[in-house]
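Undergrad: Got a sequence here, can you model it:
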Amino acid sequence: MDVQSAFWVAVMLVLLALAFDFMNGFHDAANSIATVVSTGVLKPQQAILFAAFFNVLAILFFQLKVAATVGKGIVLPEVVDQHVVFGALIGAIVWNLITWWYGIPSSSSHALIGGIVGAVLAKSGAGALIGAGIWKTVIFIFVSPGLGFLLGSILMVIVAWICRRASPLRIDRWFRRLQLISAGLYSLGHGGNDAQKTIGIIWMMLVASGYAAASDARPPSWVVWSCYAAIGLGTMFGGWRIVKTMGQKITKLKPVGGFCAETGGAITLFLATAIGVPVSTTHTITGAIVGVGSTRRVSSVRWGVAGNIVWAWIFTIPASATMAALAYWLSLRLF
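TA: This is a model prediction of the structure:
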């Protein structure tokens, strides 16, 4: 491939990555706004603008540790080329479209990780994967919803005890206001963790193409800003099929429950982002919602719906990896 062709392929891959980032915001908008919409605190259009603003604002609060993990900590840099990046992105995008169509709140994050793994396996085999980065991500498939569940349920119990003598009307009025804070924090955590995954894969591609040095401490500023803008725009367009599942089908939420779920989820995301782990915002908020619902009574959670979501989590990495491997082989014939 000559220099000019390689440049235009790199441009195409950047645009494809930003399309994935946009879809990440679109697909995962439900994570940020489902509870605040289902409790009636904000109207849908107000909620998506609110969430998109905090998605982009996250650029000011978080270091790029998740981007470094995705860009340099999942696979050996020397095996990455434009075909691997193409395969990874196509695998993740196709799986996101399938789960969005059926209203299944799967993980865009794990779809991308699965895509990277599948494309690299197709090219070089398992020896090109970095075990520490892979296992850290896999472990948090279980840790993030578990921690969200634990924090959501603990917060719900604490709030119930503190407000035990308050009237239901007064509790509802106060937590309608407080839920604006918790929804803002969760959207901040969503933007801070998820935008960095796309930053990481663009950084990976730029290094592989020679447009950035492997020794660089951080990616180019234009990559950072464009990825945060893309996820914010995606959130603005929303994903209403998944909003319905997250906000209404798992359990019925009131503002106090929405506040506890969002706060528990936000704490989990802040911790994961601080240590550079690319976690699923979908898994996190689902765990927190189930935790809140289970404090009332176990039967208040629709475990059948929750079970279907868990199956989607299990299949996400292998499904996106398979699609990425096929896309990798296709790319060898395209460019």
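
Undergrad: mind showing which ranges of the stretch 201-335 of the chain have poor pLDDT?
TA: 238-253, 297-310, 312-313 (pLDDT under 70).

Undergrad: can you pull the buried residues of the host helix or strand of residue 134?
TA: Using DSSP states H and E, the element containing residue 134 is helix 131-162. Of all the residues in helix 131-162, those buried under the rule 16 or more other CB atoms under 10 Å are 133-134, 136-137, 140-141, 143-149, 151-153, 155-156, 159. Yep, even glycine has a C-beta here, placed from its N, CA and C like the rest.

Undergrad: now stretch 163-172
TA: residue 171.

Undergrad: same thing with stretch 314-333?
TA: Applying 16+ other CB under 10 Å to stretch 314-333 flags 315-317, 319-328, 331 as buried.

Undergrad: Now the helix holding residue 134: average pLDDT?
TA: Across helix 131-162, pLDDT averages out at 90.

Undergrad: for stretch 72-88, same thing?
TA: On average, stretch 72-88 scores 91.

Undergrad: Tell me the gap between it and the middle of its chain.
TA: Relative to its parent chain, stretch 72-88 has a centroid offset of 20 Å by CA atoms, centre = their mean, to the nearest Å.

Undergrad: Look at that stretch and report the distance between its end residues.
TA: Stretch 72-88 stretches 15 Å from its first residue to its last (CA to CA, to the nearest Å).

Undergrad: quick one, phi psi at residue 75?
TA: phi -130, psi 160 (degrees, to the nearest 10).

Undergrad: follow-up on the earlier one: closest to residue 88 among the buried residues of stretch 314-333?
TA: Nearest to residue 88 among those: residue 324, at 5.3 Å, using CB to CB.

Undergrad: Excluding covalently adjacent residues, which one is nearest to the closest one?
TA: residue 91 (2.8 Å; CB to CB, 6 or more residues apart in numbering).

Undergrad: list the buried ones in the helix or strand hosting residue 232?
TA: Assigned by DSSP H and E, residue 232 belongs to helix 221-237. The neighbour-count check on helix 221-237 (16+ other CB under 10 Å) flags 223-224, 226-236 as buried.

Undergrad: Please render those as a markdown table that adds distance to residue 292 to the earlier fields.
TA: Shown next, in a markdown table, are those (distance: CB to CB, whole Å):
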| residue | distance to residue 292 |
| --- | --- |
| 223 | 37 |
| 224 | 34 |
| 226 | 36 |
| 227 | 31 |
| 228 | 29 |
| 229 | 32 |
| 230 | 31 |
| 231 | 26 |
| 232 | 27 |
| 233 | 30 |
| 234 | 26 |
| 235 | 23 |
| 236 | 27 |
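
Undergrad: residues in contact with stretch 12-24?
TA: 82, 85-86, 89-90, 92-93, 96-97, 100, 108-109, 112, 194-195, 197-198, 201-202, 205, 226-227, 230-231, 233-234, 237 (CB atoms under 8 Å, 6 or more residues apart in numbering).

Undergrad: what about the residue of the chain most remote from its centre, distance to residue 177?
TA: What lies farthest from the middle of the chain is residue 165; by CA atoms, centre = their mean that is 38.3 Å. As judged by CB to CB, to the nearest Å, residue 165 and residue 177 stand 20 Å apart.
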